[in-house]
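Asks: The following block contains a protein sequence and its predicted model.
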Amino acid sequence: MTSALLSFSIIFFYLCKMKDLQLTDFLPTSKKEAELRGWDTLDVILFSGDAYVDHPSFGAAVIGRLLEAEGLKVAIVPQPNWRDDLRDFKKLGKPNLFFAISAGSMDSMVNHYTANKRRRSNDAYTAGGIAGQRPDYATITYSNILKKLYPDVPIVIGGIEASLRRFTHYDYWQDKLMHSILIDSHADLMTYGMGEQPTRAIVRALKNGIPFSQLTNIPQTSYVCNFSDFVTDTNDVVLYSHEECCKDKIKQAKNFKLIEEDSNRIFSQRLVQKVGDKMVIVNPKYETMSSEELDQSYEFPYTRVPHLRYKGKIIPAYEMIKFSINLHRGCFGGCSFCTISAHQGKQIVSRTKDSVLREIKLVSQLPDFKGYLSDLGGPSANMYQLGGKNKSICQKCVRPSCLHPRVCKNLCTDLSPLLDLYQSVDHLSYIKKSFIGSGVRYDILLHESDNEKENRSHRIYTEELIKNHVSGRLKVAPEHTSDQVLYMMRKPSFELFHKFKEIFEKINQKNQLNQQIIPYFISSHPGCLLADMAELAVETKSLNFQLEQVQDFTPTPMTLSTEMYYTGLDPYTLKPIKTAKTQNEKLEQRKFFFWYLPENRNEITKLLKRINRNDLINKLFARNDRNKKFRKN
């Protein structure tokens, strides 16, 4: 079936079924649902830490539909109960091929705990937003249960939790280095990064009669073997062992540099790490998907709604994205604290315009759609179809960021394709307005290249964005005001935020708009001291901001910031970095976000005196500011 005919059939299916969905329109979640399809056995059973939302923004649905497209009988067990007699793990029996496991769309520990290590009271990926429907370290817990129940059935783990814990990594919640998740989960194979390509390769190899135990050469997978059986290759990148890293933080820092540089290559290498008498082997990744391959992931026959088992219940994460459209994957920003490039890749892969327009047609058929798209975006809203001009240069590059410390001269920043897409969407009769809800990289918009066509596209895009695509509030992420801290974050100088804010306000005034710019900030990032936070408070006060969109830095696996936090070193220079580590130190920094609250004034005054910054006390608490109005952001 041709791509165009397939797309038409999907739209026809969707329009017919939307008003009268049946259980058989979803992947089965129970034995009864499998029997409704006439299945008495299953090929793959997928366990997920999230509720089952049959939508391309939810990984379990994507992988489930991909397996279905490969001709397999697949079921999903969403949020199995691990506390009782384990009936959820037994109800579907053994699969013919393998069990697949994902902790969900977030690392389960980030999902469960705040930066202060307090248990969260809700879970956006659970029906009703109820917390506690998945275990801590969900991948490990699910895998160990299944391995005990069915020791002869292979287990494949994937998703962001597994992907970012594939090597020795620092775990903030236990405050220690942990093994590769393959060791602790006892899984047989891992897919890392975005899972379509390796999952498809696994299935096709098994269909061709290759035993599971021989699936050792599939790109973008990882497995464990006995050290005595390991055969090295001259191209292997050999990391320091887990035990060496536990004894020496410098070795852990050096490992991270090798891992990050390799993940940023277009053609990566095999990385290996010894753990006790085992060897963790991480095969090279696939090349970046083509646009046509990415389109396929969005054009499986999703129902685009939560499973009928959740009828009458709200799944907050779904409510946030049900009227949004994702345009691309990947991010070349390389922010120190972010995992997007580590998981999705540094290279951008964008969907075709036709695929985007087809999805918008489907969204418009949702019963409560009123004509407004909440987001036309991606990991960064304005990276659609951007990338290297000379691909041969990109193939040699290991830079973690194409934007830091300065925009790469080889980077094409022409926003014309994105402007064309916006125009095509807004000409659709059933679309009243399309908004940009994803974060915008203003350093791209303000970049002056040698190419006047690119520069003109930046100016046109900025005006188009602010004039026509802001739903009252535009989100941007300067993250800090200190250039020193921003350099550690791999973010641009705060001067660029000032410039962008000035442009934002001019365009608003020109078009008689009353819109706000919403800046996001982080406290306690490695290299950030109390004085930096005090100056952030003074700087944002001068801009008439009362900050609300803020967060305390949370160390998460496989980010540069986390390695700096744990080791106290910059992995690229091995120079020491001061970091707020205790809960009290982190809370002291966080208080400066809320300097305007009366209950914080005395404490902040004491802190400023302690660090000999009495000069900032009057700047924050001048009497003539008492009646001044500040904008909440």
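Replies: Yep, it's here. Residues are numbered from 1 along each chain as shown.

Asks: bridging residues for the nearest residue to residue 189 once chain neighbours are set aside?
Replies: Nearest in space to residue 189, with sequence neighbours left out and distances taken as CB to CB, 6 or more residues apart in numbering, is residue 156 at 4.8 Å. All C-beta atoms are positioned from the backbone trio N, CA, C, and that covers glycine. Listed beta-bridge partners, residue 156: residue 100, residue 189 (assigned using DSSP bridges).

Asks: who's in contact with residue 480?
Replies: By CB atoms under 8 Å, 6 or more residues apart in numbering, the contact list for residue 480 reads 486, 489, 491, 494, 521, 522, 525, 528, 532, 536.

Asks: Kindly reformat the residues you listed as JSON lines containing distance to residue 277 and pLDDT.
Replies: Written out in JSON lines, the entries for the contacts of residue 480 read as follows (distance: CB to CB, whole Å; pLDDT from 0 to 100):
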{"residue": "486", "distance to residue 277": "44", "pLDDT": "98"}
{"residue": "489", "distance to residue 277": "39", "pLDDT": "98"}
{"residue": "491", "distance to residue 277": "43", "pLDDT": "98"}
{"residue": "494", "distance to residue 277": "51", "pLDDT": "97"}
{"residue": "521", "distance to residue 277": "46", "pLDDT": "97"}
{"residue": "522", "distance to residue 277": "41", "pLDDT": "97"}
{"residue": "525", "distance to residue 277": "38", "pLDDT": "98"}
{"residue": "528", "distance to residue 277": "41", "pLDDT": "98"}
{"residue": "532", "distance to residue 277": "46", "pLDDT": "97"}
{"residue": "536", "distance to residue 277": "49", "pLDDT": "97"}
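
Asks: So the residue nearest to residue 482 when sequence neighbours are not counted, which state does it fall into?
Replies: Distance criterion CB to CB, 6+ apart; nearest residue to residue 482, sequence neighbours excluded, is residue 532 at 4.3 Å. Look at residue 532: counting by DSSP: H, G, I helix; E, B strand; the rest coil, its state is helix.

Asks: and residue 504, how many neighbours does it have?
Replies: Neighbourhood size, residue 504 [other CB atoms under 10 Å]: 22.

Asks: Output the contacting helices and strands for the strand or helix carrying it.
Replies: Assessed by DSSP states H and E, residue 504 sits inside helix 494-510. Contacts defined by 3 or more CB pairs under 8 Å, 6 or more residues apart in numbering; DSSP states H and E place helix 494-510 against helix 442-445, helix 452-468, strand 473-479, strand 516-523.

Asks: To residue 274, which of the ones you listed lies closest?
Replies: Taking CB to CB as the measure, the helices and strands packed on helix 494-510 were each checked against residue 274, and strand 516-523 came out nearest at 35.1 Å.

Asks: Which secondary structure elements does the closest one sit against?
Replies: Using 3+ CB pairs under 8 Å, 6+ apart as the contact definition, the elements that strand 516-523 packs against are strand 473-479, helix 494-510, helix 530-542, strand 550-552, helix 583-591.

Asks: Ok, which of these comes nearest residue 81?
Replies: When the helices and strands packed on strand 516-523 are compared by CB to CB, strand 550-552 sits nearest residue 81, at 31.4 Å.

Asks: Can you name the residues in contact with the closest one?
Replies: Strand 550-552 has contacts (CB under 8 Å, 6+ apart) with 114, 115, 116, 520, 521, 522, 523, 524, 586, 589, 590, 593.

Asks: any idea whether residue 360 is helix, strand or coil?
Replies: Strictly by three-state DSSP, residue 360 counts as helix.

Asks: Average pLDDT for stretch 39-59, rounded please.
Replies: Predicted confidence along stretch 39-59 averages 97 (mean pLDDT).

Asks: same question, stretch 151-163
Replies: 98.

Asks: Next, the buried residues of that stretch.
Replies: Buried residues in stretch 151-163, counted by 16 or more other CB atoms under 10 Å: 153, 154, 155, 156, 157, 158, 159, 160, 161, 162, 163.

Asks: Is it possible to get a markdown table of these that adds secondary structure and distance to residue 54?
Replies: Written out in a markdown table, the entries for those read as follows (DSSP: H, G, I helix; E, B strand; the rest coil; distance: CB to CB, whole Å):
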| residue | secondary structure | distance to residue 54 |
| --- | --- | --- |
| 153 | coil | 25 |
| 154 | coil | 26 |
| 155 | strand | 24 |
| 156 | strand | 21 |
| 157 | strand | 22 |
| 158 | strand | 18 |
| 159 | coil | 17 |
| 160 | helix | 19 |
| 161 | helix | 21 |
| 162 | helix | 22 |
| 163 | helix | 22 |
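
Asks: Determine which two of those residues are furthest apart.
Replies: Using CB to CB, the buried residues of stretch 151-163 span at most 23.9 Å, a distance reached by 153 and 160.
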